[in-house]
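S.K.: sequence-free structure coming up:
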């Protein structure tokens, strides 16, 4: 579902999407689509998902994320959802 929610932003159906615990496999497939669509990616824990490190185990690593289709929306919502994602 995380991938679907993020793709809704890229398609322009929603203004933004928040995912608290997506895994790298939820993100990797949609990352190029989100980049091509010009979405704003905000890593809520401050750690960007890419580039990956060879030999690292990403199985238990969540990537709390806010994706928005406008920079203004990202600036407004990031502080609100960041505090929730860090709990």
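M.R.: Received the coordinates, thanks. Everything quoted here is computed from the prediction, not taken from an experiment.

S.K.: any idea which helix or strand carries residue 54?
M.R.: Using DSSP states H and E, residue 54 is not contained in any helix or strand.

S.K.: what's the single longest helix in the protein?
M.R.: helix 71-85 (DSSP state H).

S.K.: Let me know the average pLDDT across that one.
M.R.: Helix 71-85 shows a mean pLDDT of 84.

S.K.: do stretch 54-68 as well
M.R.: On average, stretch 54-68 scores 95.

S.K.: Repeat that for stretch 23-35.
M.R.: 95.

S.K.: who does the residue nearest to the spatial centre of the chain bridge with?
M.R.: With distances taken as CA atoms, centre = their mean, residue 65 lies nearest the centre of the chain, 3.4 Å away. Listed by DSSP bridges, the beta-bridge partners for residue 65 are residue 19, residue 43.

S.K.: Pretty sure it sits against residue 27.
M.R.: Yes - in this structure, residue 65 is within contact of residue 27 by CB atoms under 8 Å, at 7.3 Å. (Each C-beta comes from the backbone N, C-alpha and C, glycine too.)

S.K.: shared neighbours, the two?
M.R.: residue 6 (CB atoms under 8 Å, 6 or more residues apart in numbering).

S.K.: before we move on, the earlier item: which helices and strands does the longest helix of the chain pack with?
M.R.: Using 3 or more CB pairs under 8 Å, 6 or more residues apart in numbering; DSSP states H and E, the elements in contact with helix 71-85 are strand 16-19, strand 40-43, strand 65-68.

S.K.: Show me what secondary structure element comes after the first one.
M.R.: Which is strand 16-19. Heading C-terminal from strand 16-19 (DSSP H and E), you reach helix 24-28.

S.K.: helices and strands around the helix or strand following that following helix, which ones?
M.R.: Going down the chain from helix 24-28, the next helix or strand is helix 31-37, by DSSP H and E. Packed against helix 31-37 by the contact rule (3+ CB pairs under 8 Å, 6+ apart) you find helix 2-11.
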